[in-house]
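A.B. asks: let me see the structure of the following:
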Amino acid sequence: MDWQYIREKWKPIAEGLFGKQKSPRYERPHYALRPVEYILERLVNIPELDWRHYAFSREPLNGKFTPSQRLDWMRKSLECGRDYARRMASEFGSDDPEVIARKLGLKVSYPQYPEKTDRVLFAEFVMPDRVNIFMDAVRRAEKLLQRHAVRRLLGEKLNLSKVILSHEIFHHVEDKYSSEIFTRTEKVRLWSLGPLHNDSGIFALGEIAAMSFAKELNHLPYSPYILDVFLMYDYSAEEAGGLYEEIMELSGLKP
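C.D. replies: All right, here's what the predicted structure looks like:
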C-alpha cells in the first residue's frame, strides 16, 4: 500500500482574460499547527463507519457511487477484513502479524527508506510475496509515542510496525483468495450497451478491509486510518494538520 497523503494542490491561474496577467506560481497551502495530542484525541473518536467519507474520497470512481452504496460497501468491507483476520489467526494459531506473515510465506523487510522515490512511503506490498516496512516513518512516529498523552490515546501496547505489516498482509490475502474475497468479487458496472458491458473493481474496498484486518489482529479500539495522519506528523505537522482538517470536514465534524 502507498500510504502517501501529501496531496497535490491546484496551481493558481492568471488573474483574468483581460486583466493583469502574471506567471502561474505554485503556492504551498498553509494549515493551522495543532499538537498531535489534540489531533489524535479527535480522530480516535470518529465512529468506524464514518471513516467511509475519507476512505472513498481516495477512490477514483467515487463520483459514480451513491451514499447508500458507500455505506453498504463500508459495512461489508469492514466485515470482510475482520473475518479474514479471524480466519488467519485460527488457521495459524496466532494473531501475531509476524507469525501470520511467516506462515503465509511472505518475505518481510524493514529498510530505512524506500528506493528511488520522492514520496513519503510507509510500506508497500510487492507481488507476489514481499512486504517492505519503511522504518524511518515508524521511528519518527515512535518518538511521538514516548509522550504520555499520545501513548494514552493510542494504547500502551501499540506496535506500529505490526499494525502496518497487518495492513500489507491483507493485500497478499486478497490475492490468495481473489476468486472468493468480497473486495475482489464486488464490481460496479460502468456502462452497458446490449450484451456489452464494462465492470470494474473498487479500489477503496481493499483499503477499508485492510484497515479492518489490521484493527482486528492488533486489537485496536480505533480505526487504523488515523495512522495516515500520525505517521505524517513528524515529517510535516502542517501537512498532517491539513489531512486532519480534511478528514474532520469529510466526517461532518469541526476541526
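A.B. asks: helices of the chain, residue ranges please.
C.D. replies: 36-43, 52-57, 67-92, 97-103, 135-145, 148-154, 160-176, 182-185, 203-218, 227-233, 237-250 (DSSP state H).
A.B. asks: the ones you listed: which one's closest to residue 129?
C.D. replies: helix 160-176 (6.9 Å; C-beta to C-beta). In this view, the C-beta of every residue, glycine as well, is placed from N, C-alpha and C.
A.B. asks: for the closest one, buried residues please.
C.D. replies: Residues 160-174 are the ones in helix 160-176 that count as buried (16 or more other C-beta atoms under 10 Å).
A.B. asks: the helices of the chain: which one's closest to residue 125?
C.D. replies: helix 160-176 (4.2 Å).
A.B. asks: mind checking how far residue 229 is from residue 249?
C.D. replies: 13 Å (C-beta to C-beta, to the nearest Å).
A.B. asks: comparing those two, which residue is more hemmed in?
C.D. replies: More neighbours surround residue 229 than the other of residue 229 and residue 249, with 22 against 13 (other C-beta atoms under 10 Å).
A.B. asks: list the contacts for the more buried one?
C.D. replies: 39-40, 43, 240, 243-244, 247 (C-beta atoms under 8 Å, 6 or more residues apart in numbering).
A.B. asks: cutoff 6 Å now
C.D. replies: 240, 243-244 (C-beta atoms under 6 Å, 6 or more residues apart in numbering).
A.B. asks: quick check, nearest of the residues you listed to residue 221?
C.D. replies: Nearest to residue 221 among these, with distances taken as C-beta to C-beta, is residue 244, at 19.2 Å.
A.B. asks: my guess is the closest one meets residue 39, correct?
C.D. replies: Yes. Counting by C-beta atoms under 6 Å, residue 39 is a contact partner of residue 244 at 4.9 Å.
A.B. asks: so the two - more neighbours on which side?
C.D. replies: Using other C-beta under 10 Å, the more surrounded residue of residue 244 and residue 39 is residue 244, with 27 against 24.
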